[in-house]
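# Quick one, structure for this:
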Amino acid sequence: MVLAALAATVVLSLAATALQWLVAHPWITAAVLLTAAAGAAWAWRRREAARWEQVRASSLRYALGHLGALHHRDFEFAVRDLMRRDGCADARQVGGCGDNGADVKATDPYGRRWVIQCKHRKDGWSGKPVGTPDLQVLNGTGRQVHDGDVLVMLTNGRITANAADFAKSQCLHLVDRHLLAEWASGSRPLWELLRALPPAGRREPS
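Down below sits the predicted model:
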């Protein structure tokens, strides 16, 4: 009991001394209060920004005209954002020098790893078509280098018939201008629009 009373006395004494010091230095009190208020405001803004980002992502839509007017790098970021909209929280843009045939990589809610190569065409359907050589790059690196389960060639233009045949023979997936329009302007995830995807957690045959 004596020790407890002594400890309480010491605590009260220190508190009184601290209070007296703060009264003598009011600017310290004001600074502490302002710092606390600023910190609370910053935390609130972070929470609100995160909440509105979720709202924005869930309602994200793109028109083909918008996608066609983008720089090719911004086009890749738009594809990344669409994958995030559909539930791929880790979707990221990886295209650039030395990208080894991958522009966007993501993991869908079923655990499948997506590797997407984007071909942006300013002239859309009338622009240069995606051909077999483009697909050969994706086919050569998508699984071996990027460890992908679902390999996708995506364009706002068109794809040649030979490339389509090659894609079918190699279990590659194609998204041309028409399918892109359906995906980007709608609300269904890409894996609901493509056919013959590997089951959840399963890899496609090499």
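
# all contacts plus neighbour counts: C-alpha atoms, from now on.
Fine.

# Poorly predicted segments of the protein, please.
1-8, 10-11, 22, 28-33, 40-58, 201-206 (pLDDT under 70).

# Where do the domain boundaries of it fall?
2-58, 64-193 (automatic domain parsing).

# Pipe those into a markdown table and attach mean neighbour count and distance to residue 199 per row.
Putting these into a markdown table (neighbours: other Cα atoms under 10 Å; distance: least, Cα to Cα, whole Å) gives the following:
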| stretch | mean neighbour count | distance to residue 199 |
| --- | --- | --- |
| domain 2-58 | 12 | 25 |
| domain 64-193 | 19 | 8 |
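
# could the ones you listed be laid out in TSV, adding distance to residue 200?
Output for those, formatted as TSV (distance: least, Cα to Cα, whole Å):
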stretch	distance to residue 200
domain 2-58	23
domain 64-193	5
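
# which residues of the chain fall in strands?
92-93, 104-107, 113-119, 150-155, 173-175 (DSSP state E).

# Packing partners of the second one?
Contacting strand 104-107 under the criterion 3 or more Cα pairs under 8 Å, 6 or more residues apart in numbering; DSSP states H and E are the following elements: helix 72-85, strand 92-93, strand 113-119.

# The strands of the chain into JSON lines, with extra columns for distance to residue 198?
Converted to JSON lines, the strands of the chain look like this (distance: least, Cα to Cα, whole Å):
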{"stretch": "strand 92-93", "distance to residue 198": "21"}
{"stretch": "strand 104-107", "distance to residue 198": "13"}
{"stretch": "strand 113-119", "distance to residue 198": "10"}
{"stretch": "strand 150-155", "distance to residue 198": "8"}
{"stretch": "strand 173-175", "distance to residue 198": "11"}
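
# To residue 86, which of those strands lies closest?
Comparison of these against residue 86 by Cα to Cα identifies strand 104-107 as nearest, at 10.6 Å.

# Quick check: neighbours of that closest one in the sheet, parallel or antiparallel?
According to DSSP bridges, strand 104-107 forms sheet pairs with strand 92-93 (antiparallel), strand 113-119 (antiparallel).

# Mind putting the ones you listed into TSV with distance to residue 79?
Shown next, in TSV, are these (distance: least, Cα to Cα, whole Å):
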stretch	distance to residue 79
strand 92-93	8
strand 113-119	8
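
# Now do the helices for the protein: every range, in order, please.
Remark: helices assigned in the chain by DSSP state H are 2-24, 26-58, 64-69, 72-85, 132-141, 161-169, 177-185, 190-193.

# of all the helices and strands packed on strand 104-107, which lies closest to residue 183?
Judging those by Cα to Cα, what sits closest to residue 183 is helix 72-85, at 8.5 Å.

# elements contacting that closest one?
helix 26-58, strand 92-93, strand 104-107, strand 113-119.

# Go again with 7 Å.
Packing partners of helix 72-85 (3 or more Cα pairs under 7 Å, 6 or more residues apart in numbering; DSSP states H and E): strand 92-93.

# And for the strand it packs on, what's in contact with it?
Identification of contacts with strand 92-93 by Cα atoms under 7 Å, 6 or more residues apart in numbering yields 76, 77, 80, 103, 104, 105, 106.
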